[in-house]
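Peer 1: how would this look folded up:
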Amino acid sequence: MTNPVTTLAAASQGVNGVALAVFIFFFLAVTVMGFLAARWRKAEQSDSLDEWGLGGRSFGTWVTWFLLGGDLYTAYTFVAVPAAIYTAGASGFFAVPYTILVYPLIFTFLPRLWSVSHRHGYVTTSDFVRGRFGSKGLSLAVALTGLLATMPYIALQLVGIQAVLDVLGVGGGEHANWFVKDLPLLIAFAVLAAYTYSSGLRAPALIAFVKDGLIYLVIAVAIIYIPIKLGGFGEIFHTAKQTLAVHGPTGKPRGELASGPNAQWAYATLALGSALALFMYPHSITATLSSRSRNVIRRNTTILPLYSLMLGLLALLGFMAIKAGTDTHGNAQLAIPQLFEDMFPSWFAGVAFAAIGIGALVPAAIMSIAAANLFTRNVYKDFLKPSATPEQEHKVAKLVSLLVKVGALAFVLTMDKTVAINFQLLGGIWILQTMPALVGGLFTRWFHRWALLAGWAIGMVYGTLAAYGVASPTQKHFGGSSAEIPGIGQIGYIGLTAFVLNVVVTVVLTFVLRALKAPEGTDETVPSDYTADVGDAGVTADLPPATAEAAAGH
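Peer 2: Numbers count the residues shown, from 1 in each chain. Sure, this is the predicted structure:
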């Protein structure tokens with residue numbers, strides 16, 4: 001049996017003390033901010049889901065911008081996007097065009113969702129789907145899909161923290177005693193769980209200012225400092241081109257500096273499908289509905305592309321890691337943390353690690369809150385206790401947020417990291433199947449609720465089976481998210497193919513069900529709900545008093 005004391009001593013030999021001290025300083029700072037956030041803009045009646053889970057729907061333009069940025073651009077983004085480029089080259093850049101495509105798309109429907117949600121007090125997308133189509137079954141399907149897609153996403157934030165801790169030398173390596181190895185992650189998890197439980201959405205909203213400020217600082221320095229040390233971008237791209245062209249064990253080149261014709265369908269469909277899916281995730285909607293007015297959402301869709309600029313610069317770090325000869329020890333997820341460790345002075349490496357670590361805490365908190373909101377409103381209240389009071393909803397949501405994080409932690413500690421990545425890829429395929437009900441419902445009542453449910457089921461089954469059949473050099477199943485598109489013969493994103501199938505089934509069955517005069521359910525919304533703003537008659541009428549006051553600006 002391994003001696004914990006001996007293991008800890010051995011592990012400490014590889015610890016970067018200065019970087020670790022800086023990392024701990026920032027971690028403690030945001031922990032204090034997380035607990036103090038409970039008093040930030042606190043309403044008199046705070047024991048409600050609106051206050052805990054949506055921050056009282058009171059956030060303005062800049063708070064919402066930082067919250068959405070902290071929500072969408074996660075630690076895993078910081079680690080995985082350049083890691084994909086480090087591994088395979090240009091194909092990893094799909095994340096940049098998809099985050100450019102997404103903002104015009106959401107400009108068309110998010111303000112409508114905000115308006116109808118504030119008019120009726122909806123907390124989740126499933127609330128809206130139930131109200132629009134009069135179907136608890138369809139609402140439950142959307143809620144369960146959101147929960148399934150969110151859980152591995154939270155787990156990957158913990159993977160991001162773990163990557164930083166590994167490079168810092170904390171934990172003792174792969175052969176350490178399990179308690180010593182996982183103790184730093186357990187501590188980080190416990191702190192995250194505590195201040196999320198205490199402060200709700202206000203905690204990540206406040207911490208997001210620090211997180212995004214650090215990320216912008218680190219990328220601005222990295223994009224100038226590292227190329228100077230490596231001989232300039234010309235040298236970086238030249239080395240990357242040569243390295244990616246080397247044939248691997250499969251007999252094919254490792255990757256490409258620029259995507260060739262054979263990769264265009266896969267690249268384009270993955271970018272488009274990811275753009276369509278991004279704001280179907282519950283955490284994206286939670287951050288959106290926390291805004292205090294319709295115009296806050298519209299302004300945010302115009303300034304959020306600044307994060308896409310940051311992401312483009314971040315992606316270039318993958319090529320820099322190739323030029324620097326970064327040793328990832330067989331784990332590409334360590335490429336960027338190890339690059340920072342190798343290239344930066346220890347104190348600034350600590351700042352960079354803090355940016356990644358805090359970049360995991362913010363989205364993990366929002367995701368756990370979003371999952372708790374879904375369970376509380378669309379499982380607990382709709383099916384288990386319809387008479388639940390706002391106070392009871394508040395208590396259940398706080399407990400569920402803890403359980404969700406425990407589940408994500410167990411996932412990370414007990415399963416191989418590739419399993420978490422596979423489930424996250426599946427999550428993107430699954431969450432895209434809720435788009436016809438959500439976005440379609442925001443613009444038309446023509447789709448039949450049963451047709452939407454059937455289309456969702458077909459999309460889910462096809463997407464899951466198609467992903468199961470994808471193999472990679474390291475695994476037989478769930479080896480990727482692209483497969484041959486039926487009828488076209490090109491390789492494309494499975495989620496988008498499943499979505500097209502979903503829409504076709506929904507449209508055809510709607511014609512059939514309407515012809516058969518199948519019951520359609522009751523629509524509790526009216527056209528004026530979708531363009532209402534704060535100050536319009538009725539917008540605050542159905543909300544809890546504390547929320548109504550916040551929405552009205554009192």
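Peer 1: what mean pLDDT would you report for the one helix or strand Ala397 maps to?
Peer 2: Here Ala397 sits within helix 390-414, counting by DSSP states H and E. Mean pLDDT, computed over helix 390-414, is 88.
Peer 1: and the helix or strand that that helix is followed by, what's buried?
Peer 2: Scanning forward in sequence from helix 390-414 by DSSP H and E, the next helix or strand is helix 417-432. If you call a residue buried by 16 or more other C-beta atoms under 10 Å, then helix 417-432 has these buried ones: 419-432. Bear in mind the C-beta positions are built from the backbone N, C-alpha and C, glycine included.
Peer 1: ok, those residues vs Ser58, which is closest?
Peer 2: Closest approach between those and Ser58, by C-beta to C-beta: Ile431, at 27.2 Å.
Peer 1: what's around the residue nearest to that closest one when sequence neighbours are not counted, how many residues?
Peer 2: Spatial nearest neighbour of Ile431, excluding adjacent residues (C-beta to C-beta, 6 or more residues apart in numbering): Ala149 at 4.2 Å. Other residues within reach of Ala149 by the criterion other C-beta atoms under 10 Å amount to 27.
Peer 1: so how far is the helix or strand containing Ile297 off the chain centroid?
Peer 2: In the assignment (DSSP H and E), Ile297 maps to helix 294-303. For helix 294-303, the separation from the chain centroid amounts to 20 Å (computed by C-alpha atoms, centre = their mean, to the nearest Å).
Peer 1: same question, stretch 221-233
Peer 2: 30 Å.
Peer 1: residues contacting the residue nearest to Ile431?
Peer 2: Tyr281, Pro282, Leu426, Gly427, Gly428, Trp430, Ile431 (C-beta atoms under 8 Å, 6 or more residues apart in numbering).
Peer 1: tell me how far the residue lying closest to Ser117 once chain neighbours are set aside lies from Gly213.
Peer 2: Excluding its sequence neighbours, the residue lying closest to Ser117 (C-beta to C-beta, 6+ apart) is Leu289, at 5.4 Å. Note on Leu289: its distance to Gly213, by C-beta to C-beta, to the nearest Å, is 25 Å.
Peer 1: can you list the low-confidence ranges for this structure?
Peer 2: For the chain, the stretches with pLDDT under 70 are 1-14, 41, 43-46, 171-181, 248-251, 416-420, 535-554.
Peer 1: grab the most central residue of it for me.
Peer 2: Closest residue to the average C-alpha location of the chain: Leu72 at 5.3 Å, with C-alpha atoms, centre = their mean.
Peer 1: wait, what's in contact with that one?
Peer 2: Thr99, Leu278, Ser284, Leu304, Tyr307, Pro363.
Peer 1: re earlier: next structured bit after the helix holding Ile297?
Peer 2: helix 305-315.
Peer 1: which strands and helices lie in contact with that next one?
Peer 2: With contacts taken as 3 or more C-beta pairs under 8 Å, 6 or more residues apart in numbering; DSSP states H and E, helix 305-315 sits against helix 75-88, helix 95-120, helix 202-230.
Peer 1: just give the nearest non-adjacent residue to Ile358, would you?
Peer 2: In space, and not counting its chain neighbours, Ile358 is closest to Lys211: 4.3 Å by C-beta to C-beta, 6+ apart.
Peer 1: now swap in Arg202 and tell me
Peer 2: Counting by C-beta to C-beta, 6+ apart, the residue nearest Arg202 is Ala37, at 4.2 Å.
Peer 1: do the same with Thr99
Peer 2: Closest to Thr99 by C-beta to C-beta, 6+ apart is Ser308, at 4.4 Å.
Peer 1: give the contact list for the one you found.
Peer 2: Val96, Thr99, Ile100.
Peer 1: wait, doesn't the last one sit right on Tyr307?
Peer 2: Same thing as Ile100. No. Contact between Ile100 and Tyr307 fails when scored by C-beta atoms under 8 Å: they sit 10.3 Å apart.
Peer 1: how about the strands in this protein?
Peer 2: Along the chain, counting by DSSP state E, strands occupy 482-484, 491-493.
Peer 1: let me know which of those is tucked in deepest.
Peer 2: When the strands of the chain are scored by mean count of other C-beta atoms under 10 Å, the highest mean neighbour count falls to strand 491-493 (a mean of 24).
Peer 1: name every strand pairing with that one and say which way it goes.
Peer 2: strand 482-484 (antiparallel) (DSSP bridges).
Peer 1: neighbour count winner among Ile100 and Tyr307?
Peer 2: Set Ile100 next to Tyr307 and count neighbours by other C-beta under 10 Å: Tyr307 wins out with 22 against 16.
Peer 1: tell me how far the more buried one lies from Pro152.
Peer 2: 22 Å.
Peer 1: residues touching the nearest residue to Leu409 once chain neighbours are set aside, list them.
Peer 2: Nearest non-adjacent residue to Leu409, counting by C-beta to C-beta, 6+ apart: Phe189, 5.1 Å away. Counting by C-beta under 8 Å, 6+ apart, Phe189 touches Leu158, Lys405, Leu409.
Peer 1: kindly report the same for Ser290.
Peer 2: So Ser290 contacts Leu54, Gly55, Gly56, Arg57, Ser58, Phe59, Thr64, Leu67, Leu201, Ala205 (C-beta under 8 Å, 6+ apart).
Peer 1: can you get me a residue count around the residue nearest to the last one when sequence neighbours are not counted?
Peer 2: I take that to be Ala205. If the residues on either side of it in the chain are set aside, Ala205 comes closest to Leu67, at 4.8 Å by C-beta to C-beta, 6+ apart. Using other C-beta under 10 Å, Leu67 has 29 other residues around it.
Peer 1: repeat for Gly160
Peer 2: Neighbour tally, Gly160, other C-beta under 10 Å: 25.
Peer 1: my guess is Ser472 contacts Gly480, does it?
Peer 2: Yes. Contact criterion C-beta under 8 Å: Ser472 and Gly480 qualify, at 5.9 Å.
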